[in-house]
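Trainee: show me how the following folds:
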Amino acid sequence: MTSESQDARELAVTEEVVASFDGAPSARYREVMQSLVRHLHEFVRDVRLTDDEWHEAIGFLTRTGHMCDERRQEFVLLSDVLGLSMLTVAVNEVADSSATQSTVFGPFFVENSPEIELGGDLAAGAVGQPCWVEGRVRGVGGEPVVGARIDVWEADGDGLYDVQYDGARTANRGHLFTDSDGGFRFWSVRPVAYPIPTDGPVGRLLAAAGRGGMRPAHIHFMIRAAGYHKLTTHVFVAGDEYLGHDAVFGVKERLVTELADHPATEPPPPGGPAGSDWSSVSFDFVLAADETAG
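Mentor: Next up is the predicted model:
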């Protein structure tokens with residue numbers, strides 16, 4: 001319990017900082033920053049933050065920044081494990097419930113991934129059981145979305161993304177375009193559950209909380225097409241033991257689907273493995289129209 005005079009001193013600090021943004025030319029910038037100040041200051045008052053805790057917080061954010069480069073985004077990972085990423089997804093979800101749901105972007109997307117042909121090999125040497133992935137992209141009215149760009153990225157059979165290896169390898173990552181029926185198809189590897197990176201500040205945050213760091217098996221998709229809202233989502237594997245314990249809270253029931261297992265004696269689609277087991281998954285994506293598109 002604080003005294004009235006103490007409360008007044010603290011609130012005076014907040015109001016002075018809020019007022020410093022009154023002259024911002026952008027109304028949206030002013031709204032966001034003034035709200036951010038109020039919420040941050042209220043957090044400090046709520047927990048009665050100590051000087052030592054403030055210094056530790058600054059150090060934590062500094063270490064988080066030092067872990068970021070063109071191949072790893074520790075701040076995105078921090079946003080993910082705090083549920084901020086999924087809350088932002090929820091706030092921005094398209095209103096049409098028939099559209100495919102969005103989920104977290106994740107820390108491992110890389111711009112300028114290689115283009116592959118329809119039916120091509122996205123795995124590019126990644127370890128894991130070969131997996132045939134196919135489906136269609138359509139609008140909420142059922143129309144095929146022709147020429148949609150689909151970016152795909154995925155961990156390999158050891159639970160690692162290409163950017164987690166030394167060097168500049170690119171594997172299990174690429175983009176392709178839908179055909180005249182909105183169809184897509186490619187070879188990848190069967191997705192597996194894996195731990196998020198725990199060698200940085202976010203890993204230590206989870207350890208201090210006694211929280212697990214596993215993500216259920218999934219494939220990342222980002223789909224863009226003129227006249228439609230961009231979709232960033234996952235396809236999750238049904239039956240995965242971590243579906244109810246995703247470290248980044250990204251699982252949605254409608255994104256969970258069955259994978260089929262195929263013996264080596266069953267002929268695979270063209271380009272598939274000869275003499276080895278393989279798996280397959282089929283998933284259709286539904287895009288919401290962007291009414292603001294010119």
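Trainee: when you work out contacts or count neighbours from here on, use the C-alpha atoms and nothing else.
Mentor: OK.
Trainee: and the helices in the protein?
Mentor: Under the criterion DSSP state H, the chain carries helices at the ranges 4-19, 27-47, 51-66, 74-81, 84-92, 201-209.
Trainee: include mean pLDDT and distance to residue 125 when you put those helices into CSV, please.
Mentor: As requested, the helices of the chain are exported to CSV (pLDDT from 0 to 100; distance: least, CA to CA, whole Å):
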stretch, mean pLDDT, distance to residue 125
helix 4-19, 96, 54
helix 27-47, 98, 45
helix 51-66, 98, 31
helix 74-81, 96, 26
helix 84-92, 96, 31
helix 201-209, 97, 29
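Trainee: tell me which of those helices sits nearest to residue 113.
Mentor: Checking the helices of the chain against residue 113 by CA to CA gives helix 74-81 as the closest, at 19.5 Å.
Trainee: nearest residue to the middle of the chain?
Mentor: Per CA atoms, centre = their mean, the C-alpha nearest to the average position across the chain is that of residue 105, at 2.2 Å.
Trainee: distance of that residue from residue 124?
Mentor: According to CA to CA, to the nearest Å, residue 105 and residue 124 sit 22 Å apart.
Trainee: okay, and for the protein, where does confidence drop off?
Mentor: 293-294 (pLDDT under 70).
Trainee: re the thing from before, hang on, the residue nearest to the centre of the chain packs against residue 230?
Mentor: No. Contact between residue 105 and residue 230 fails when scored by CA atoms under 8 Å: they sit 11.9 Å apart.
Trainee: before we move on, back to that, excluding sequence neighbours, find me the nearest residue to the residue nearest to the centre of the chain.
Mentor: Nearest residue to residue 105, sequence neighbours excluded (CA to CA, 6 or more residues apart in numbering): residue 232, at 6.4 Å.
Trainee: and the one you found, how many neighbours?
Mentor: Neighbourhood size, residue 232 [other CA atoms under 10 Å]: 20.
Trainee: now residue 44
Mentor: The number of residues packed near residue 44 is 13, by other CA under 10 Å.
Trainee: separation between it and residue 30?
Mentor: For residue 44 relative to residue 30 (CA to CA), the value is 21 Å.
Trainee: do the same with residue 209
Mentor: Counting by CA to CA - residue 209 and residue 30 are separated by 35 Å.
Trainee: those two: who's more crowded?
Mentor: Here residue 209 and residue 30 are set side by side on neighbour count (other CA under 10 Å), and the busier one is residue 30, at 18 against 9.
Trainee: give the contact list for that one.
Mentor: Shown in contact with residue 30 (CA atoms under 8 Å, 6 or more residues apart in numbering): 21-24.
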